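A.B. asks: Sequence first, then the predicted structure:
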Amino acid sequence: MDSISIGEKMNKHKLIMGTADSKAKWHNVAKDTLYNYYPKLDGDVVNTNRHMVEAEDRLGYSMVQLNSDPITDSTGEYTQYTHPESGKKKWKMNYPVPNFGSDSEIDNVKESITGAETSLGIKWNPAEVDPAKIIDYPQGKFGLESDMQSSLKSLRDTQS
């Protein structure tokens, strides 16, 4: 509430919410429209589906995979993919990969850094952050959002 009153003073404007006038002004007309959950398909989609069926009939196989494609079958055996460290490698490994140099986006970033350093007259030297200096801000009474909890779990799983 303090932030709102500060913002109102800074902008010389009173924030009014929940009144009939504000509800009318900010009414979302999209919510008044009933959505058609089963619209007629676009002509291009209909034609594509028809052509795909005709091609499948002519070729004798389905172009759309309808069954699951698990890494393991129902017995738990790895039938399609094998772990690189297993003795059952089915693909070439340790083959030479051509080096076409750095990506153009990387080059652009390096040029931008050089340009900024030149225009500002400083040399940017990013340093690793000392973990002891990282501030652990309080999470408040609500805790972390579910997205943050998922991200942190993924990070812990990856690191372990």
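C.D. replies: Right, received. Where do you want to start? Since the structure is predicted, the reported quantities are computational estimates derived from the model, not experimental observations. Numbering: from 1, shown residues only.
A.B. asks: need the contact list for residue 62.
C.D. replies: By C-beta atoms under 8 Å, 6 or more residues apart in numbering, the contact list for residue 62 reads residue 56. From N, CA and C alone the C-beta is placed, and that goes for glycine too.
A.B. asks: before we move on, which element is it in?
C.D. replies: In this assignment (DSSP states H and E), residue 62 forms part of neither any helix nor any strand.
A.B. asks: now residue 107
C.D. replies: Residue 107 belongs to helix 104-120 when elements are defined using DSSP H and E.
A.B. asks: And that helix, what does it pack against?
C.D. replies: If you count contacts as 3 or more C-beta pairs under 8 Å, 6 or more residues apart in numbering; DSSP states H and E, helix 104-120 packs onto no helix or strand.
A.B. asks: for the record, mean pLDDT for the helix or strand immediately after that helix in the chain?
C.D. replies: Note on helix 104-120: by DSSP H and E, the next helix or strand toward the C-terminus is helix 146-159. Averaging pLDDT along helix 146-159 gives 90.
A.B. asks: and for helix 146-159, what are the contacting residues?
C.D. replies: So helix 146-159 is contacted by residue 144 (C-beta under 8 Å, 6+ apart).
A.B. asks: As CSV, could you dump the C-alpha coordinates of it?
C.D. replies: Only the C-alpha atoms of helix 146-159 are listed here, as CSV (Å, rounded to 0.1, in the frame of the first residue of the first chain):
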residue,chain,number,x,y,z
SER,A,146,6.0,-23.3,-8.1
ASP,A,147,8.1,-22.3,-11.2
MET,A,148,11.0,-21.4,-9.0
GLN,A,149,10.6,-24.6,-7.0
SER,A,150,10.7,-26.6,-10.2
SER,A,151,13.7,-24.7,-11.5
LEU,A,152,15.6,-25.3,-8.3
LYS,A,153,14.7,-29.0,-8.3
SER,A,154,15.9,-29.3,-11.9
LEU,A,155,19.1,-27.5,-10.9
ARG,A,156,19.7,-29.9,-8.0
ASP,A,157,18.9,-32.9,-10.1
THR,A,158,21.3,-31.8,-12.8
GLN,A,159,24.1,-31.0,-10.4
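A.B. asks: Off-centre distance for it?
C.D. replies: On the basis of C-alpha atoms, centre = their mean, to the nearest Å, helix 146-159 sits 14 Å off its chain's mean C-alpha point.
A.B. asks: cool, stretch 27-46 as well?
C.D. replies: On C-alpha atoms, centre = their mean, the centre of stretch 27-46 falls 26 Å from that of its chain.
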